[in-house]
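Visitor: Any chance you could fold what I've pasted below:
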Amino acid sequence: MNTSMERPYVVGIDIGGTNTVFGIVDARGTIIASGAVKTQIYPTVEEYADEVCKNLLPLIIAHGGVDKIKGIGIGAPNGNYYTGTIEFAPNLPWKGVLPLAAIFEERLGIPTALTNDANAAAVGEMTYGAARGMKDFIMITLGTGVGSGIVINGQVVYGHDGFAGELGHVIVRREGRACGCGRKGCLETYCSATGVARTAREFLAARTDASLLRNIPAESIVSKDVYDAAVQGDKLAQEIFEFTGRILGESLADAIAFSSPEAIILFGGLAKSGDYIMKPVLNAIDENVLNIYKGKTKLLISELKDSDAAVLGASALAWELKDLKD
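Guide: Numbers count the residues shown, from 1 in each chain. This next block holds a predicted model:
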């Protein structure tokens, strides 16, 4: 019996620091039903899981019941694919090691897999997006932080402990900016949305030239403001992108030396800044990449819609799951 006919859907759950979004997804990557709950307001992870299930179950029932669901995939900060646990996630209200996959399996009776959000994005891109048919690529998520999912020979690299592939925490400037991880000079401190805002504040303080960004209180500048100014021809804003893109490109040139990917796929708000970010990134890759790799790795923008990507990425994990009864 063809199980894809028998169980045509998967569920994707994306756990963010603020909101948890979930959806039922078909094999084409169409989200046929979705919902959301606030992440922060539940004192225990059990109460949180109860609330997600309470909102998810009616959607499952409306689409033929639990028997139509092949599996559940969860993308979460500090998610460990091997153990199905979230471990010491700084932005979640519950501390320690949380056996989330087991909690959902127990409540819904559906096999459940969990991974970190950037790895989920990579699996989503491979299943439904720009990396379809690719065996070797690197996904870079440019959000509040910088995440990465590394795929080699069609497999996400998890390492021996489930946490491999943290390119956001390679050090790009020794003794550079302080990072939330406790070290200095991580890629994340320069090339995340937060990093761009930090660069804007540094540039504005160090320079005297006119800029539209001077009309905004320095502390409230966000990366979108920098983009809006750049589009209006603001030189300083364009230089912020140059600076950011150069650091990202240098770092990606090193990543290429590591796994020689067919493509590097950029995802997140910053990736939408078009040529302002892409040109400096491409130039820096070209200037810094080892000769044998020159011109071999494509730089692509994610094909997944921002609002759907997290749920699609998480759901993509679930197609691989084996039936609990097997």
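
Visitor: okay, CA-based contacts and neighbour counts for the rest of this
Guide: OK.

Visitor: those strands in the stretch 1-150 of the chain, which residues are they?
Guide: Shown for the stretch 1-150 of the chain, the strands assigned by DSSP state E, counting those that start in this stretch span residues 9-15, 19-26, 31-38, 69-76, 79-80, 85-87, 97-98, 112-116, 137-142, 146-152.

Visitor: List the neighbouring strands of the fourth one plus their orientation.
Guide: Pairing partners of strand 69-76, with direction, according to DSSP bridges: strand 9-15 (parallel), strand 112-116 (parallel).

Visitor: Figure out which of the ones you listed is closest to residue 64.
Guide: Closest approach to residue 64 among the strands paired with strand 69-76 (Cα to Cα): strand 9-15, 9.8 Å.

Visitor: what mean pLDDT would you report for that closest one?
Guide: For strand 9-15, the mean per-residue pLDDT is 97.

Visitor: With just CA atoms, put that strand into CSV.
Guide: Extracted in CSV, the C-alpha atoms of strand 9-15 (Å, rounded to 0.1, in the frame of the first residue of the first chain):
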residue,chain,number,x,y,z
TYR,A,9,-0.2,15.2,5.0
VAL,A,10,2.4,16.2,7.5
VAL,A,11,2.3,18.8,10.3
GLY,A,12,5.0,21.5,10.7
ILE,A,13,5.4,23.4,14.0
ASP,A,14,7.8,26.3,14.3
ILE,A,15,8.6,27.4,17.8
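
Visitor: That one: how far from the chain's middle?
Guide: A distance of 15 Å separates the centroid of the chain from that of strand 9-15, by Cα atoms, centre = their mean, to the nearest Å.

Visitor: what do you get for stretch 135-154?
Guide: For stretch 135-154, the distance to the chain centre is 8 Å (Cα atoms, centre = their mean).

Visitor: Now do that stretch: everything it contacts.
Guide: Residues from elsewhere that reach stretch 135-154 (Cα atoms under 8 Å, 6 or more residues apart in numbering): 117-122, 131, 134, 155-157, 165-168, 187-189, 191-194, 259-271.

Visitor: mind listing which of those are in helices?
Guide: Judged by DSSP state H, helices contain the following of the contacts of stretch 135-154: 117-122, 188-189, 191, 193-194, 259.

Visitor: quick one: which of the residues you listed is nearest residue 304?
Guide: Set against residue 304, the nearest of those by Cα to Cα is residue 121 (9.0 Å).

Visitor: And the nearest residue to the closest one once chain neighbours are set aside, what's its pLDDT?
Guide: Nearest non-adjacent residue to residue 121, counting by Cα to Cα, 6 or more residues apart in numbering: residue 313, 4.6 Å away. At residue 313, the model reports a pLDDT of 94.

Visitor: what's the distance between residue 313 and residue 209?
Guide: Distance of residue 313 to residue 209, given as Cα to Cα, to the nearest Å: 43 Å.

Visitor: So the two - more neighbours on which side?
Guide: residue 313 (32 against 10; other Cα atoms under 10 Å).

Visitor: returning to that earlier point: ok, of the contacts of stretch 135-154, which come out buried?
Guide: For those, a burial check counting by 16 or more other Cα atoms under 10 Å picks out 117-122, 131, 134, 156-157, 165, 167-168, 187-189, 191-194, 260-271.

Visitor: Low-confidence ranges, the chain, go.
Guide: 1-5, 325-326 (pLDDT under 70).

Visitor: quick revisit: name the element the residue nearest to residue 121 belongs to?
Guide: In this structure, residue 313 is located in helix 306-318 according to DSSP states H and E.
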